[in-house]
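K.L.:
here you go, sequence then predicted model.
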Amino acid sequence: MDWSTFWDPIGLSVQISVVASVLVFAASLFIAWPMARARFFGKSMLETILLLPLVLPPTVIGFVLLVVIGRRGWIGKAYESLFGGPILFTWGAAVIAAAVVAFPLAYRTIKTGLQGVDADLEHAARAMGANEWQVFRHITVPLAARSLVSGYILGFCRGLGEFGATLMVAGNIPGRTQTIPTAIYVASDGGSMTMAWAWAGAMIALSFLMLLLVGRMSKGA
(Lines give C-alpha, C1' and ligand atoms only; values in the text may rest on other atoms or scores of the structure.)
Protein backbone atom coordinates (compact mmCIF):
# COMPACT_ATOMS: atom_id res chain seq x y z
CA MET A 1 0.00 0.00 0.00
CA ASP A 2 1.40 3.35 -1.07
CA TRP A 3 -0.02 5.81 1.44
CA SER A 4 2.02 8.65 -0.08
CA THR A 5 -0.60 8.97 -2.80
CA PHE A 6 -3.60 8.80 -0.45
CA TRP A 7 -4.50 12.48 -0.71
CA ASP A 8 -4.10 12.76 -4.49
CA PRO A 9 -7.54 11.36 -5.48
CA ILE A 10 -9.21 13.29 -2.67
CA GLY A 11 -7.73 16.63 -3.69
CA LEU A 12 -8.43 15.95 -7.36
CA SER A 13 -12.03 14.94 -6.66
CA VAL A 14 -12.66 18.09 -4.64
CA GLN A 15 -11.14 20.28 -7.37
CA ILE A 16 -13.18 18.62 -10.10
CA SER A 17 -16.40 18.78 -8.07
CA VAL A 18 -15.92 22.45 -7.16
CA VAL A 19 -15.43 23.48 -10.79
CA ALA A 20 -18.21 21.21 -12.05
CA SER A 21 -20.68 22.40 -9.40
CA VAL A 22 -19.94 26.06 -10.20
CA LEU A 23 -20.69 25.39 -13.86
CA VAL A 24 -23.77 23.37 -12.95
CA PHE A 25 -25.03 26.05 -10.57
CA ALA A 26 -24.72 28.77 -13.22
CA ALA A 27 -26.41 26.64 -15.87
CA SER A 28 -29.15 25.48 -13.48
CA LEU A 29 -29.98 29.01 -12.36
CA PHE A 30 -29.98 30.30 -15.94
CA ILE A 31 -32.32 27.52 -17.12
CA ALA A 32 -34.44 27.07 -13.99
CA TRP A 33 -35.55 30.70 -13.83
CA PRO A 34 -37.55 30.71 -17.11
CA MET A 35 -38.63 27.10 -16.56
CA ALA A 36 -40.09 28.04 -13.18
CA ARG A 37 -42.00 31.05 -14.52
CA ALA A 38 -42.70 30.73 -18.23
CA ARG A 39 -45.25 28.59 -20.03
CA PHE A 40 -44.49 27.50 -23.56
CA PHE A 41 -45.09 24.67 -25.98
CA GLY A 42 -42.75 21.75 -25.42
CA LYS A 43 -41.87 22.72 -21.85
CA SER A 44 -42.69 19.25 -20.53
CA MET A 45 -40.51 17.60 -23.17
CA LEU A 46 -37.62 19.97 -22.44
CA GLU A 47 -37.94 19.29 -18.72
CA THR A 48 -37.77 15.55 -19.38
CA ILE A 49 -34.58 15.98 -21.42
CA LEU A 50 -32.99 18.11 -18.69
CA LEU A 51 -33.74 15.50 -16.03
CA LEU A 52 -32.81 12.48 -18.16
CA PRO A 53 -29.24 12.10 -16.79
CA LEU A 54 -30.80 11.61 -13.36
CA VAL A 55 -32.17 8.20 -14.36
CA LEU A 56 -29.77 7.07 -17.09
CA PRO A 57 -27.00 4.59 -16.18
CA PRO A 58 -23.62 6.33 -15.92
CA THR A 59 -22.26 4.09 -18.68
CA VAL A 60 -24.90 5.41 -21.08
CA ILE A 61 -24.00 8.99 -20.15
CA GLY A 62 -20.34 8.14 -20.58
CA PHE A 63 -20.98 6.64 -24.02
CA VAL A 64 -22.88 9.73 -25.18
CA LEU A 65 -20.09 11.95 -23.87
CA LEU A 66 -17.54 9.81 -25.72
CA VAL A 67 -19.40 10.51 -28.95
CA VAL A 68 -19.81 14.24 -28.26
CA ILE A 69 -16.40 15.14 -26.83
CA GLY A 70 -14.37 12.48 -28.62
CA ARG A 71 -12.01 13.38 -31.43
CA ARG A 72 -14.83 12.99 -33.96
CA GLY A 73 -17.45 14.79 -31.87
CA TRP A 74 -18.25 18.45 -32.48
CA ILE A 75 -17.07 19.53 -29.03
CA GLY A 76 -14.00 17.31 -29.27
CA LYS A 77 -13.04 18.71 -32.66
CA ALA A 78 -13.52 22.31 -31.50
CA TYR A 79 -11.46 21.69 -28.35
CA GLU A 80 -8.64 20.03 -30.28
CA SER A 81 -8.50 22.84 -32.83
CA LEU A 82 -8.28 25.42 -30.05
CA PHE A 83 -5.91 23.67 -27.65
CA GLY A 84 -4.02 21.29 -29.92
CA GLY A 85 -4.98 18.08 -28.15
CA PRO A 86 -7.95 15.85 -27.32
CA ILE A 87 -10.12 16.50 -24.30
CA LEU A 88 -10.66 12.81 -23.57
CA PHE A 89 -8.71 11.42 -20.61
CA THR A 90 -7.95 14.86 -19.25
CA TRP A 91 -8.95 16.81 -16.15
CA GLY A 92 -11.43 18.73 -18.29
CA ALA A 93 -13.18 15.53 -19.36
CA ALA A 94 -13.63 14.59 -15.70
CA VAL A 95 -15.19 18.01 -15.03
CA ILE A 96 -17.60 17.56 -17.95
CA ALA A 97 -18.66 14.11 -16.76
CA ALA A 98 -19.22 15.34 -13.20
CA ALA A 99 -21.17 18.37 -14.43
CA VAL A 100 -23.47 16.34 -16.69
CA VAL A 101 -24.47 13.86 -13.98
CA ALA A 102 -24.80 16.58 -11.32
CA PHE A 103 -26.91 18.98 -13.36
CA PRO A 104 -30.37 17.36 -12.97
CA LEU A 105 -30.18 17.21 -9.17
CA ALA A 106 -29.01 20.81 -8.83
CA TYR A 107 -31.49 22.03 -11.45
CA ARG A 108 -34.47 20.38 -9.80
CA THR A 109 -33.55 21.74 -6.37
CA ILE A 110 -32.99 25.28 -7.66
CA LYS A 111 -36.16 25.25 -9.76
CA THR A 112 -38.22 24.13 -6.77
CA GLY A 113 -36.81 27.00 -4.74
CA LEU A 114 -37.59 29.55 -7.45
CA GLN A 115 -41.14 28.24 -7.76
CA GLY A 116 -41.57 28.79 -4.03
CA VAL A 117 -40.96 32.53 -4.33
CA ASP A 118 -44.20 34.52 -4.10
CA ALA A 119 -44.81 35.88 -7.59
CA ASP A 120 -46.87 38.74 -6.12
CA LEU A 121 -43.72 40.18 -4.53
CA GLU A 122 -42.00 40.15 -7.92
CA HIS A 123 -45.02 41.80 -9.56
CA ALA A 124 -45.07 44.46 -6.85
CA ALA A 125 -41.40 45.24 -7.43
CA ARG A 126 -41.99 45.58 -11.18
CA ALA A 127 -44.94 47.88 -10.52
CA MET A 128 -42.63 50.11 -8.47
CA GLY A 129 -40.29 50.46 -11.44
CA ALA A 130 -37.75 47.67 -10.90
CA ASN A 131 -36.43 46.00 -14.03
CA GLU A 132 -36.13 42.22 -14.41
CA TRP A 133 -32.51 42.09 -13.24
CA GLN A 134 -33.32 44.14 -10.13
CA VAL A 135 -36.31 41.92 -9.34
CA PHE A 136 -34.20 38.81 -9.77
CA ARG A 137 -31.28 40.13 -7.73
CA HIS A 138 -33.12 41.82 -4.86
CA ILE A 139 -36.32 39.75 -4.58
CA THR A 140 -36.01 36.32 -6.14
CA VAL A 141 -32.47 35.35 -5.18
CA PRO A 142 -32.68 36.36 -1.48
CA LEU A 143 -35.99 34.53 -1.04
CA ALA A 144 -34.72 31.39 -2.79
CA ALA A 145 -31.21 31.58 -1.32
CA ARG A 146 -31.45 28.40 0.76
CA SER A 147 -32.60 26.35 -2.21
CA LEU A 148 -29.90 27.86 -4.40
CA VAL A 149 -27.16 26.95 -1.94
CA SER A 150 -28.68 23.51 -1.41
CA GLY A 151 -28.69 22.98 -5.17
CA TYR A 152 -25.02 23.86 -5.35
CA ILE A 153 -24.11 21.54 -2.48
CA LEU A 154 -26.12 18.63 -3.88
CA GLY A 155 -24.50 19.16 -7.26
CA PHE A 156 -21.09 19.11 -5.57
CA CYS A 157 -21.89 15.85 -3.78
CA ARG A 158 -23.20 14.20 -6.94
CA GLY A 159 -20.13 15.24 -8.90
CA LEU A 160 -17.87 14.04 -6.10
CA GLY A 161 -19.30 10.54 -6.30
CA GLU A 162 -19.41 10.16 -10.08
CA PHE A 163 -17.72 6.99 -11.32
CA GLY A 164 -19.03 5.39 -14.52
CA ALA A 165 -19.08 8.34 -16.89
CA THR A 166 -15.82 9.69 -15.47
CA LEU A 167 -14.06 6.36 -16.00
CA MET A 168 -15.22 6.22 -19.62
CA VAL A 169 -14.21 9.73 -20.70
CA ALA A 170 -11.40 10.59 -18.26
CA GLY A 171 -9.96 7.22 -17.39
CA ASN A 172 -8.02 6.49 -14.21
CA ILE A 173 -4.71 8.30 -14.50
CA PRO A 174 -3.11 8.78 -11.04
CA GLY A 175 -2.51 12.43 -10.28
CA ARG A 176 -4.45 13.58 -13.35
CA THR A 177 -7.89 11.98 -13.56
CA GLN A 178 -8.02 9.45 -10.73
CA THR A 179 -10.89 10.49 -8.47
CA ILE A 180 -11.94 8.89 -5.19
CA PRO A 181 -14.49 6.48 -6.77
CA THR A 182 -12.03 5.25 -9.42
CA ALA A 183 -9.28 4.94 -6.80
CA ILE A 184 -11.59 2.83 -4.62
CA TYR A 185 -12.40 0.61 -7.59
CA VAL A 186 -8.74 0.03 -8.47
CA ALA A 187 -7.71 -0.51 -4.85
CA SER A 188 -10.48 -3.04 -4.13
CA ASP A 189 -9.89 -4.83 -7.43
CA GLY A 190 -6.20 -5.12 -6.57
CA GLY A 191 -6.85 -6.41 -3.07
CA SER A 192 -5.79 -3.23 -1.23
CA MET A 193 -8.86 -3.23 0.98
CA THR A 194 -7.33 -1.00 3.68
CA MET A 195 -6.65 1.73 1.14
CA ALA A 196 -10.10 1.26 -0.41
CA TRP A 197 -11.74 1.60 3.00
CA ALA A 198 -9.70 4.73 3.73
CA TRP A 199 -10.86 6.40 0.51
CA ALA A 200 -14.42 5.20 1.08
CA GLY A 201 -14.34 6.69 4.58
CA ALA A 202 -13.13 10.01 3.18
CA MET A 203 -15.95 9.99 0.63
CA ILE A 204 -18.56 9.15 3.26
CA ALA A 205 -17.27 11.88 5.58
CA LEU A 206 -17.29 14.56 2.86
CA SER A 207 -20.76 13.61 1.64
CA PHE A 208 -22.12 13.40 5.19
CA LEU A 209 -20.89 16.89 6.03
CA MET A 210 -22.34 18.35 2.83
CA LEU A 211 -25.74 16.70 3.32
CA LEU A 212 -25.77 17.75 6.97
CA LEU A 213 -25.27 21.33 5.82
CA VAL A 214 -28.15 20.99 3.36
CA GLY A 215 -30.39 19.60 6.11
CA ARG A 216 -29.58 22.42 8.50
CA MET A 217 -30.24 25.01 5.82
CA SER A 218 -33.58 23.46 4.87
CA LYS A 219 -34.65 23.74 8.52
CA GLY A 220 -33.50 27.32 8.70
CA ALA A 221 -30.84 26.51 11.29
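P.N.:
In hand now; what should we look at?

K.L.:
please count neighbours and contacts with C-alpha atoms only from this point.
P.N.:
OK.

K.L.:
which residues of the chain score low on pLDDT?
P.N.:
By pLDDT under 70, the weakly predicted segments of the chain are 1-4, 218-221.

K.L.:
name the residue most distant from the centre of it?
P.N.:
For the chain, the C-alpha farthest from the mean C-alpha position belongs to Met128; by C-alpha atoms, centre = their mean, that distance is 37.1 Å.

K.L.:
phi and psi next, for it.
P.N.:
phi -90, psi 0 (degrees, to the nearest 10).

K.L.:
going forward, begin numbering at 723 instead of 1
P.N.:
Done: numbering now begins at 723, and the last item shifts to Met850.

K.L.:
roughly how far apart are it and Gln856?
P.N.:
According to C-alpha to C-alpha, to the nearest Å, Met850 stands 11 Å off from Gln856.

K.L.:
can you check Phe728 too?
P.N.:
47 Å.

K.L.:
how about the strands of the chain, start to end?
P.N.:
Counting by DSSP state E, the chain has no strands at all.

K.L.:
would you mind finding the longest helix in it?
P.N.:
Longest helix of the chain, by residue count under DSSP state H: helix 729-759.

K.L.:
how far away from the center of its chain is that one?
P.N.:
How far helix 729-759 lies from its chain's middle: 4 Å, per C-alpha atoms, centre = their mean, to the nearest Å.

K.L.:
show me what that helix is packed against.
P.N.:
Packing partners of helix 729-759 (3 or more C-alpha pairs under 8 Å, 6 or more residues apart in numbering; DSSP states H and E): helix 813-837, helix 867-882, helix 902-911.

K.L.:
for the ones you listed, give me JSON lines that also has distance to Ala800 and mean neighbour count.
P.N.:
Listed next are those as JSON lines, based on distance: least, C-alpha to C-alpha, whole Å; neighbours: other C-alpha atoms under 10 Å:
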{"stretch": "helix 813-837", "distance to Ala800": "14", "mean neighbour count": "25"}
{"stretch": "helix 867-882", "distance to Ala800": "25", "mean neighbour count": "24"}
{"stretch": "helix 902-911", "distance to Ala800": "28", "mean neighbour count": "20"}
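
K.L.:
ok, which of those helices comes nearest Arg938?
P.N.:
Closest to Arg938 of the helices and strands packed on helix 729-759 is helix 867-882 (C-alpha to C-alpha; 10.0 Å).

K.L.:
can you check what angle separates the closest one from helix 813-837?
P.N.:
150 degrees (axes from the mean of the first three to the mean of the last three C-alpha atoms, to 10 degrees).

K.L.:
now do helix 867-882 against helix 729-759: the angle between them, please.
P.N.:
140 degrees.

K.L.:
spit out the contact partners of Leu876.
P.N.:
In this structure, Leu876 makes contact with 824, 827-828, 932-933, 936, judged by C-alpha atoms under 8 Å, 6 or more residues apart in numbering.

K.L.:
could I get these as CSV with distance to Gly798?
P.N.:
Shown next, in CSV, are the contacts of Leu876 (distance: C-alpha to C-alpha, whole Å):
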residue, distance to Gly798
Ala824, 21
Leu827, 26
Ala828, 26
Met932, 33
Leu933, 35
Val936, 36
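
K.L.:
nearest to Gln837 among the residues you listed?
P.N.:
Lowest distance from Gln837 to those (C-alpha to C-alpha) belongs to Ala828, with 14.3 Å.
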